[in-house]
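In: coordinates only, sequence not included:
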């Protein structure tokens, strides 16, 4: 497997953390990974990108991802403002955090590729009590593209937040993860 | 130990934790910050016995490190870019005092214009200060170099400080899969620091850092030159010993698909990985190409580089820094290794990747295509639209 992901989000939304959790999960499955953000002066609210490479073999290419298999958009308001579909491989997948339907996103992006949507912000407000959609979107991602096994993802989320969040908050993050996994369409 | 998902900075901090140096003094600067943050966590959590000193600047950091190493303590620090520039006054003093300080450098462009991203302008500006310098291709190598560094620096035939360089952000902030060593293996591999003339050996009092007249200054410089030359053999030995505990084999000059190659590219750092992928791509098309990385950059592994380039038609040397008004430093070094060679390959200098400009496989491919088509120039500043 050689897979490349491009993430879009805004500073402060936890794109980097989501990327790192995915990386951790893939490595737990014995895969090789390179996961990194686009580097600049990080500012809250400013558009940012991050990249993931996952492979069964050691990864040698250290450049950014230009032709992703999957694009994940953590903030639907970026659509129309940044280039989402550029370089997306034929047969690729776009996953957007929005309350819009996949059809609406498809037409907004003017793309023929497969679009999925999940209202991960709503889920995170309901489950965590705050609009932190990064954990939830991971659940949706693994459902629409079975990159890693879902239980392994749960393990990685727990490991990432252990010592940083309370046990209660970790359980809530896992609920958000599960709900997005089930509700994505 | 199980494989980890870890970024380059944290991997270095982990190596330092396993080594447990006596003293660490550092001032945080992006993209090195995570190293000292993580390491200060280990200190605060009592996982190491290191005396961690918060200093007010990089100049103070290296001054303190030089003094503490003189005193007989194994001493580590880390910096990047302007931080390294701010240390500059101390860099040749640390080496002249023969204090084997270990410093991680998260390579970042020197200002100005102000820029936080990766290139090698910081390391290259410091290359002639009497420090041993090694480079890493990926997070695994960042960790491995950190483990090996004290063995090279502290060897009594060397006794010089060492910089372990990693590409800022590209490695410092990228999560990759890494196989750590057992802490007890690291401990026994690195061993104890045995300083030759520690200041704190009060039974055998010595003076450090005194003034030299012309005669002694000259001799001391010659001793440094000799010590630096010794670092070639010592580093080879350390690489050999490291293979025994890790299974990972390193060479002073790394070669990829070079045996029958006609056209080769020489690069430093993470670009070596990308270049290897490009070599595979072109090999599949029947092109005889290869890639080379001088893992050890100072001392310059002259003979090894000459051997690697013998019989090639052409070599492209990629410099991730731009000396304004001269060729790239790596190019100049490679040319010194070609000078005595009969039928030496043509040598071309490519400036690339400055201030974080992404170094892509596509760009690297054009370098080989230039050479294959006989269109390469002596000097190319890549990716500028005129």
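Out: Thanks, I have the structure now. Note that the coordinates shown come from a computational prediction; the quantities given were computed from them, not determined experimentally.

In: Residue B:129 and chain A, how far apart?
Out: Between residue B:129 and chain A the computed distance is 27 Å (Cβ to the nearest Cβ, to the nearest Å). (C-beta placed from N, C-alpha, C; glycine too.)

In: which residues of chain B score low on pLDDT?
Out: Applying pLDDT under 70 to chain B picks out residues B:386.

In: can you do 80?
Out: Counting by pLDDT under 80, chain B has low-confidence residues at B:1, B:385-386.

In: Over to chain A?
Out: If you take pLDDT under 80 as the line, chain A has these spans: A:1, A:39-42.

In: May I ask which helix or strand encompasses residue 25?
Out: In the absence of a named chain, this looks at chain A. helix A:15-28 (DSSP states H and E).

In: was after chain B, sorry
Out: Applying DSSP H and E as the criterion places residue B:25 in strand B:23-26.

In: Show me what that strand is packed against.
Out: Where contact means 3 or more Cβ pairs under 8 Å, 6 or more residues apart in numbering or on different chains; DSSP states H and E, strand B:23-26 is packed against helix B:33-44, strand B:51-54, helix B:58-71, strand B:75-79.

In: Turn these into JSON lines, including mean neighbour count and distance to residue B:187.
Out: Formatted as JSON lines, the helices and strands packed on strand B:23-26 follow (neighbours: other Cβ atoms under 10 Å in any protein chain shown; distance: least, Cβ to Cβ, whole Å):
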{"stretch": "helix B:33-44", "mean neighbour count": "20", "distance to residue B:187": "15"}
{"stretch": "strand B:51-54", "mean neighbour count": "15", "distance to residue B:187": "18"}
{"stretch": "helix B:58-71", "mean neighbour count": "23", "distance to residue B:187": "20"}
{"stretch": "strand B:75-79", "mean neighbour count": "30", "distance to residue B:187": "15"}
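
In: Save those as CSV, and put in distance to residue B:228 too.
Out: Shown next, in CSV, are the helices and strands packed on strand B:23-26 (distance: least, Cβ to Cβ, whole Å):
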stretch, distance to residue B:228
helix B:33-44, 26
strand B:51-54, 28
helix B:58-71, 17
strand B:75-79, 20
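
In: Tell me where the longest helix sits in the chain.
Out: Chain wasn't specified; assuming chain A. helix A:167-183 (DSSP state H).

In: look at chain B instead
Out: helix B:214-246.

In: So what's the gap between that helix and the chain middle?
Out: The gap between where helix B:214-246 is centred and where its chain is centred comes out at 15 Å by Cα atoms, centre = their mean, to the nearest Å.

In: residues of that helix that come out buried?
Out: B:224, B:227-228, B:230-232, B:234-236, B:238-239, B:242, B:246 (16 or more other Cβ atoms under 10 Å in any protein chain shown).

In: Just give me the closest of these to chain A.
Out: Proximity of these to chain A (Cβ to the nearest Cβ) peaks at residue B:246, which lies at 15.1 Å.

In: Show me what stretch B:35-44 is in contact with.
Out: For stretch B:35-44, contacts defined as Cβ atoms under 8 Å, 6 or more residues apart in numbering or on different chains pick out B:9-10, B:12-14, B:16-17, B:24, B:26-28, B:48, B:50, B:52, B:78, B:104, B:106, B:172.

In: Revised request: answer the last question for stretch A:89-106.
Out: Defining contact as Cβ under 8 Å, 6+ apart, one finds that stretch A:89-106 is touched by A:67-76, A:79, A:84-85, A:88, A:108-109, A:111, A:113-122, A:133, A:136-137, A:140-141, A:144-145, A:184-185.

In: Equivalent analysis for stretch A:166-176, please.
Out: A:120, A:123-124, A:127-129, A:135-136, A:139, A:154, A:157-158, A:161-162, A:165.

In: Now the buried members of those.
Out: The neighbour count (16+ other Cβ under 10 Å) marks A:120, A:123, A:124, A:127, A:128, A:135, A:136, A:139, A:154, A:157, A:158, A:161 as buried among those.

In: Which of the three states applies to the fourth one?
Out: Reducing the assignment at residue A:127 to three states with DSSP: H, G, I helix; E, B strand; the rest coil gives helix.

In: which secondary structure element contains residue 95?
Out: Defaulting to chain A. Applying DSSP H and E, one finds residue A:95 within strand A:93-97.

In: ah, I was thinking of chain B
Out: Residue B:95 belongs to helix B:91-96, assigned by DSSP H and E.

In: what does residue A:4 give?
Out: strand A:2-10.

In: so how far is that strand from its chain's centroid?
Out: Centroid separation for strand A:2-10 versus its chain: 7 Å, with Cα atoms, centre = their mean.

In: and what of stretch A:172-183?
Out: Counting by Cα atoms, centre = their mean, stretch A:172-183 is centred 13 Å from the centre of its parent chain.

In: How is chain B partitioned into domains?
Out: Taking automatic domain parsing as the criterion, chain B consists of the domains B:4-246, B:253-381.

In: picking that back up, mind giving me the ChimeraX command for buried ones among the contacts of stretch A:89-106?
Out: The ChimeraX command for the buried members of the contacts of stretch A:89-106 (criterion: 16+ other Cβ under 10 Å) is given here:
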select /A:68,69,70,71,72,73,74,75,76,79,84,85,88,108,109,111,115,116,117,118,119,120,121,122,133,136,137,140,141,144,145,184
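
In: Filter the contacts of stretch A:89-106 down to the ones in strands?
Out: A:70, A:71, A:72, A:73, A:114, A:115, A:116, A:117, A:118 (DSSP state E).

In: Just put those in CSV and tack on distance to chain B.
Out: Shown next, in CSV, are the ones in strands among the contacts of stretch A:89-106 (distance: Cβ to the nearest Cβ, whole Å):
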residue, distance to chain B
A:70, 17
A:71, 18
A:72, 16
A:73, 21
A:114, 26
A:115, 27
A:116, 25
A:117, 27
A:118, 24
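
In: Between the residues you listed, which sits nearest residue A:59?
Out: residue A:70 (16.3 Å; Cβ to Cβ).

In: Now, of the contacts of stretch B:35-44, which are buried?
Out: Using 16+ other Cβ under 10 Å, the buried members of these are B:9-10, B:12-14, B:16-17, B:24, B:26-28, B:48, B:50, B:52, B:78, B:104, B:106, B:172.

In: who's in contact with residue 181?
Out: The chain I'm using is chain A. Counted by Cβ under 8 Å, 6+ apart, residue A:181 has contacts A:139, A:140, A:142, A:143, A:150.

In: oops, chain B please
Out: Counting by Cβ under 8 Å, 6+ apart, residue B:181 has contacts B:1, B:18, B:147, B:189, B:245, B:246.

In: still on that earlier bit, who does the strand holding residue A:95 pair up with?
Out: The strands that strand A:93-97 pairs with in its sheet are strand A:70-73 (parallel), strand A:114-118 (parallel) (by DSSP bridges).

In: Good, wrapping up.
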